[in-house]
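Participant: Dropping a prediction and its sequence here:
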Protein chains: 2
Amino acid sequence: MMDASASPHESGAFDLSSYLNAKSQQVQEALDHILKTPPNPDARICQAMRYALMSGGKRLRPALCMAACETVGGDAAAAMPAACALEMIHTYSLIHDDLPAMDNDTLRRGRPTCHVAFDEATAILAGDALLTMAFETLSSPAIRKTDKLAIWLDVISMIATAAGVRGMVEGQMRDMLAEHQPSLALAELEALHRLKTGALIEASVCSGAAIGNGAPEQITCLREYARHIGLAFQITDDILDVEGDPHIMGKSAGSDQSRCKATYPSLLGLAASKQKASDLVTHAVRLLSPFDEAAAPLRAIAQYIVIRKK
Amino acid sequence: MMDASASPHESGAFDLSSYLNAKSQQVQEALDHILKTPPNPDARICQAMRYALMSGGKRLRPALCMAACETVGGDAAAAMPAACALEMIHTYSLIHDDLPAMDNDTLRRGRPTCHVAFDEATAILAGDALLTMAFETLSSPAIRKTDKLAIWLDVISMIATAAGVRGMVEGQMRDMLAEHQPSLALAELEALHRLKTGALIEASVCSGAAIGNGAPEQITCLREYARHIGLAFQITDDILDVEGDPHIMGKSAGSDQSRCKATYPSLLGLAASKQKASDLVTHAVRLLSPFDEAAAPLRAIAQYIVIRKK
């Protein structure tokens, strides 16, 4: 569940906290249902998938997907398979990133990481299984019965492209190669983050808009919005790694510095980083001006992204 | 390329060796083309993907997919995206299975395994990227332009289901848990193999038949064929691990025994294992009797599976 208690104030009348809690609850139920469908949901692999997937993440990507669907006039419920798939892919990436051969993290969302709670082989396989299950979810019998097959194939393409070698995986690879390169240029750091976190955030927004039957110019506009908040999200992550509260974040702070990683604060300083994140959010909200009140959740999420504590 | 030099004789007039070489060449070209599409095909992650994917595997799954497509009267070229996706998924599974935390193998297809040639982090990510690229390939613009969207969504579903927690991943998990359990019951061993290798072989045949517009009763028949050859394939793998030539196989023999793994030879003995594999193939070929000469490649592949040397 997202802690957005401070948001109603910042975003005017819209109660983001209630909105996110409601969406998070729906996603939780949908994920729980999907995790119960394999023949043996108590098998070790399913336990590890459930452990990682149901550990109370922010559910930001599902919320963006459903909010984008509503922004173009669609029904958020129609976007649920994409919302679930995005969360599965995000979770798989965390499991693999945490592995000893990658970031070697032992704490995630306040609990032992998957390979610590289970073992390395199980964690690798649980990640593989969640990534695969995302595409099973995006091609389920319920979807194959709709009259929107072209849209769903487009969504599969968007999400696969964002998650793979043109997006998240290449971002993580660059992140690994950038360790011990504290002098990385700002442009390279930005390119890295656009791939590592930006691409999937963009796919979250664009897939939701596509499922809501958004017009091409609406989707173009929302893509730009997503690019701005994606970068603001990452800058805020870097800032939290410097000055965040480990108890609230559920993971240790200072990990970037201990890995000699270039970050926005290390390249720009803390104050300039905060200003940049804030400017990006202002721009993102301006990009939503063609939309009416249905875009209130996306406006509020943009503002929430830079004031979050975890 | 598949070494099927002995096959023309066994399978009558049909020249399997030429057929497989031609198909393998087409798949090789298609995979090469796909690997060149990312913005930076020379990036480390792309090099690792290419290293693993283009290392001359048997290309059995693509051949089965295209042969099944032809068996029901379809054009094999139409099945190429599925053939490529299946090979990507097979290759990703080999990369991850070879990792130190899993089987810890250093040799594959006669060359150092991916994590030895690159490093562990790169190998994990290359596997993730190949799995993701499979679904990108199955939802490419060329596919989205066809009038067969329902079939392609069905194919995505079949392949994702076979690769995930209802198939290959669960099989690999059981395989890990079964190490040092030499007394595994035969039924459990069979269930493990149906998941670990059988499911993807079944999806190879069924996806090809679906793309070729096979009738439901034809697909049912071909699914049974696939189940039989899938098991025969695994039994032969176990036999080769006992008496195969490591130079021909490109990997070390005797690895099952050194891991105290239950295998068909360890549970049934070598002679009974060979008989069982041969009986399965006879049955598989009988299942093809409703089909005409277009099924010649599938008949020959069934016979090849138990006489192969690698």
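Facilitator: Sure thing, it's come through.

Participant: Quick check: phi and psi on A:Ala101?
Facilitator: Here is the backbone geometry of A:Ala101 (degrees, to the nearest 10): phi -70, psi -10.

Participant: Tell me, how many residues neighbour it?
Facilitator: 21 (other C-beta atoms under 10 Å in any protein chain shown). Bear in mind the C-beta positions are built from the backbone N, C-alpha and C, glycine included.

Participant: my read: it touches B:Ile124, true?
Facilitator: Yes. Between A:Ala101 and B:Ile124 there is a contact under C-beta atoms under 8 Å: 6.2 Å.

Participant: Span of stretch A:284-296 from start to end?
Facilitator: In stretch A:284-296, first residue to last residue: 13 Å (C-alpha to C-alpha, to the nearest Å).

Participant: Repeat that for stretch A:100-116.
Facilitator: Start-to-end, stretch A:100-116 (C-alpha to C-alpha) is 10 Å.

Participant: What residues sit buried inside it?
Facilitator: Within stretch A:100-116, the residues that count as buried by 16 or more other C-beta atoms under 10 Å in any protein chain shown are A:100-103, A:105, A:107-109, A:111, A:113-116.

Participant: next one: stretch A:229-236
Facilitator: For stretch A:229-236, by 16+ other C-beta under 10 Å, it's A:229-236.

Participant: got it, and stretch A:173-181?
Facilitator: A:173-178.

Participant: Quick check: next helix or strand after the longest helix seen in chain A?
Facilitator: Taking DSSP state H as the criterion, chain A has its longest helix at helix A:216-243. The helix or strand immediately downstream of helix A:216-243 is helix A:246-249, counting by DSSP states H and E.

Participant: for that following helix, the distance to its chain's centre please.
Facilitator: With C-alpha atoms, centre = their mean, to the nearest Å as the basis, helix A:246-249 stands 19 Å off its chain's centre.

Participant: Which strands or helices does that helix pack on?
Facilitator: Contact partners of helix A:246-249 among helices and strands, from 3 or more C-beta pairs under 8 Å, 6 or more residues apart in numbering or on different chains; DSSP states H and E: none.

Participant: next SSE after that helix?
Facilitator: Immediately after helix A:246-249, counting by DSSP H and E, sits helix A:255-258.

Participant: which helices and strands does that following helix pack with?
Facilitator: Helices and strands touching helix A:255-258, by 3+ C-beta pairs under 8 Å, 6+ apart, are helix A:216-243.

Participant: Buried ones in the helix it packs on, by neighbour count?
Facilitator: Buried residues in helix A:216-243 (16+ other C-beta under 10 Å): A:218-219, A:221-242.

Participant: swap in stretch A:183-192?
Facilitator: Neighbour count says stretch A:183-192 has A:184, A:189-192 buried, by 16+ other C-beta under 10 Å.

Participant: Same check on stretch A:278-291?
Facilitator: Here stretch A:278-291 shows A:278, A:280-281, A:283-285, A:287-288, A:291 as buried, counting by 16+ other C-beta under 10 Å.

Participant: could the residues you listed go into a markdown table alongside pLDDT, secondary structure and distance to A:Ala67?
Facilitator: Conversion of the buried residues of stretch A:278-291 to a markdown table gives the following (pLDDT from 0 to 100; DSSP: H, G, I helix; E, B strand; the rest coil; distance: C-beta to C-beta, whole Å):
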| residue | pLDDT | secondary structure | distance to A:Ala67 |
| --- | --- | --- | --- |
| A:Ser278 | 96 | helix | 21 |
| A:Leu280 | 97 | helix | 18 |
| A:Val281 | 97 | helix | 15 |
| A:His283 | 97 | helix | 18 |
| A:Ala284 | 98 | helix | 13 |
| A:Val285 | 97 | helix | 13 |
| A:Leu287 | 97 | helix | 14 |
| A:Leu288 | 98 | coil | 11 |
| A:Phe291 | 97 | coil | 11 |
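
Participant: Nearest to chain B, out of those: which one, please.
Facilitator: Of all these, chain B sits closest to A:Leu280, with 23.6 Å by C-beta to the nearest C-beta.

Participant: List the residues that contact the residue nearest the centre of chain A.
Facilitator: Geometric centre of chain A, nearest residue: A:Arg61, 4.1 Å, by C-alpha atoms, centre = their mean. By C-beta atoms under 8 Å, 6 or more residues apart in numbering or on different chains, A:Arg61 lies in contact with A:83, A:86-87, A:90, A:200-201, A:204.

Participant: one more time with 10 Å, if that's ok
Facilitator: Contact analysis of A:Arg61 by C-beta atoms under 10 Å, 6 or more residues apart in numbering or on different chains lists A:27, A:82-83, A:85-91, A:197, A:200-201, A:203-205, A:207-208.

Participant: Centre of the chain to stretch A:60-73, how far?
Facilitator: 12 Å.

Participant: what comes up buried for it?
Facilitator: Applying 16+ other C-beta under 10 Å to stretch A:60-73 flags A:60-72 as buried.

Participant: what's the burial count for A:Met49?
Facilitator: 32.

Participant: What sits closest to it if chain neighbours are left out?
Facilitator: Leaving out its chain neighbours, the residue that sits closest to A:Met49 by C-beta to C-beta, 6 or more residues apart in numbering or on different chains is A:Ala126, at 4.9 Å.

Participant: which residue ranges form the strands in chain A?
Facilitator: A:107-108, A:111-112 (DSSP state E).

Participant: one step back: quick check: neighbours shared by A:Ala101 and B:Ile124?
Facilitator: Joint contacts of A:Ala101 and B:Ile124 (C-beta under 10 Å, 6+ apart) are A:124, A:176, B:99, B:101, B:115.

Participant: Tell me the one of the residues you listed nearest A:Pro39?
Facilitator: Closest approach to A:Pro39 among the shared contacts of A:Ala101 and B:Ile124 (C-beta to C-beta): A:Ile124, at 21.7 Å.

Participant: residues contacting A:Ile235?
Facilitator: A:189-190, A:193, A:263-265, A:268, A:272-278, A:280, A:305-306 are the contacts of A:Ile235 under C-beta under 10 Å, 6+ apart.

Participant: What about the residues you listed, which are in helices?
Facilitator: A:189-190, A:193, A:264-265, A:268, A:272-278, A:280, A:305-306.

Participant: Narrow these to just the buried residues.
Facilitator: In the ones in helices among the contacts of A:Ile235, burial by neighbour count holds for A:189-190, A:193, A:264-265, A:268, A:273-274, A:276-278, A:280, A:305-306, counting by 16+ other C-beta under 10 Å.

Participant: could those be laid out in CSV, adding distance to B:Leu20?
Facilitator: Below are those laid out as CSV (distance: C-beta to C-beta, whole Å):
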residue, distance to B:Leu20
A:Leu189, 48
A:Glu190, 48
A:His193, 45
A:Tyr264, 53
A:Pro265, 57
A:Leu268, 57
A:Ser273, 57
A:Lys274, 61
A:Lys276, 57
A:Ala277, 56
A:Ser278, 61
A:Leu280, 54
A:Ile305, 53
A:Val306, 57
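
Participant: Out of those, which are close to chain B?
Facilitator: Among those, no residue is within reach of chain B (C-beta under 10 Å from any C-beta of the partner chain).
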